[in-house]
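Enquirer: Need a 3D model of the sequence below.
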Amino acid sequence: MPGGRLTQQERQQIALGLADGLAYAEIGRRLDRPTSTVTREVMRNGGPTAYRADLAHRATEQRAHRRKQTAPRGPQEAASPHAHGRDPEAVRAYEEVFTTLLMQSGLPKMMSRVLTCLYTTDAGSLTASELAQRLQVSPASISKSITFLESRDLIRRERDERRRERYVVDDELWYQSMVASARANAQLAETARQGVSVLGPDTPAAARLEGIARFVDFVGESITRAAEQAREILYTKPESTPG
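Expert: Residues are numbered from 1 along each chain as shown. Alright, predicted model coming up:
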């Protein structure tokens, strides 16, 4: 039934559709389900190459059982999904869509879940224990994810008034992430040019590497310039005029 939970038979049809190489949209049409429903179902249960209907159905039942048993432990956790008149089910569905998008961009699943949780929190920051509670995972999983995300300048940490470490996402991090990407491009260009001297400047291989270096240099400079302009235009607060 459209709008309800997927049945075991529907999951078997999804598995058959994946085996036949069907797109998510086509599988959704055959089930009379939204494409996003099929996408979330597949990505949260191993992805298109590892999806199994029986395991997915069992995992869903276990998650539902845990949600019934687990009550919110604090006022912030209890109120957040309902804040500002939000529909908690719509919020959860959106978080799954956003997590899937991050995974498709190359982030591992747990790191994607942590980043989504931070992005969709009004405060833009959470402690490790709050993240573990919201995501229902172990502190070790949170610690590993935080280390990974920090190494890529996707989050930063700070201490609150109670001296607790909080993990933060804000506008400045987007700038830092773009600059880090530009630095990676510069390293790639430098390495490519090292190959030119090794392979000989007049060889086809060297010409190919020089082309890569020029292209990457151009893209890296463009990213840096655009990031500087975006930060200046979008994130710099106008100075107040005296009087």
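
Enquirer: immediately after the worst-scoring helix or strand of the chain on mean pLDDT, which helix or strand?
Expert: Lowest on mean pLDDT, DSSP states H and E among the helices and strands of the chain sits helix 75-79, with a mean of 41. For helix 75-79, the following helix or strand on the C-terminal side (DSSP states H and E) is helix 88-104.

Enquirer: Report the rounded mean pLDDT for that following helix.
Expert: In this model, helix 88-104 carries a mean pLDDT of 87.

Enquirer: Tell me the buried residues in that helix?
Expert: For helix 88-104, a neighbour-count test (16 or more other Cβ atoms under 10 Å) marks 95, 96, 98, 99, 100, 102, 103 as buried. C-beta: built from backbone N, CA, C; applies to glycine.

Enquirer: I'd like the next helix or strand past it.
Expert: Heading C-terminal from helix 88-104 (DSSP H and E), you reach helix 109-119.

Enquirer: tell me which residues in that next one are buried?
Expert: 109, 110, 111, 112, 113, 114, 115, 116, 117, 118.

Enquirer: per-residue confidence for the last one?
Expert: Right, residue 118. pLDDT for residue 118: 92.

Enquirer: And stretch 159-174, end to end?
Expert: The straight-line separation of the ends of stretch 159-174 (Cα to Cα, to the nearest Å) is 21 Å.

Enquirer: Nearest spatial neighbour of the residue nearest the centre of the chain, chain-adjacent residues omitted?
Expert: In the chain, the residue lying closest to the centroid (Cα atoms, centre = their mean) is residue 102, at 3.0 Å. The spatial neighbour of residue 102 that comes closest, neighbours along the chain excluded (Cβ to Cβ, 6 or more residues apart in numbering), is residue 112 at 3.8 Å.

Enquirer: shouldn't the one you found be in contact with residue 106?
Expert: No: in this structure, residue 112 is not within contact of residue 106 by Cβ atoms under 8 Å, at 9.5 Å.

Enquirer: Now find how far off-centre the helix ranked longest in the chain is within its chain.
Expert: Longest helix of the chain, by residue count under DSSP state H: helix 171-199. Relative to its chain's centre, helix 171-199 lies at 22 Å (Cα atoms, centre = their mean, to the nearest Å).

Enquirer: continuing past that helix, what's the next helix or strand?
Expert: Sequence order places helix 204-230 as the next helix or strand after helix 171-199, per DSSP H and E.

Enquirer: Check which helices and strands that next one sits against.
Expert: helix 171-199 (3 or more Cβ pairs under 8 Å, 6 or more residues apart in numbering; DSSP states H and E).

Enquirer: Can you tell me the element residue 146 falls in?
Expert: helix 139-151.

Enquirer: same thing with residue 166?
Expert: Applying DSSP H and E, one finds residue 166 within strand 165-168.

Enquirer: Buried residues in that strand, which are they?
Expert: In strand 165-168, counting by 16+ other Cβ under 10 Å, buried: 166, 167.

Enquirer: partners of it, with directions?
Expert: strand 125-127 (antiparallel), strand 156-159 (antiparallel) (DSSP bridges).

Enquirer: just to revisit the earlier point, which one of the buried residues of helix 88-104 sits closest to residue 44?
Expert: residue 96 (6.7 Å; Cβ to Cβ).

Enquirer: Spatially nearest residue to the closest one, not counting backbone neighbours?
Expert: residue 40 (4.5 Å).

Enquirer: Thank you kindly, that will do.
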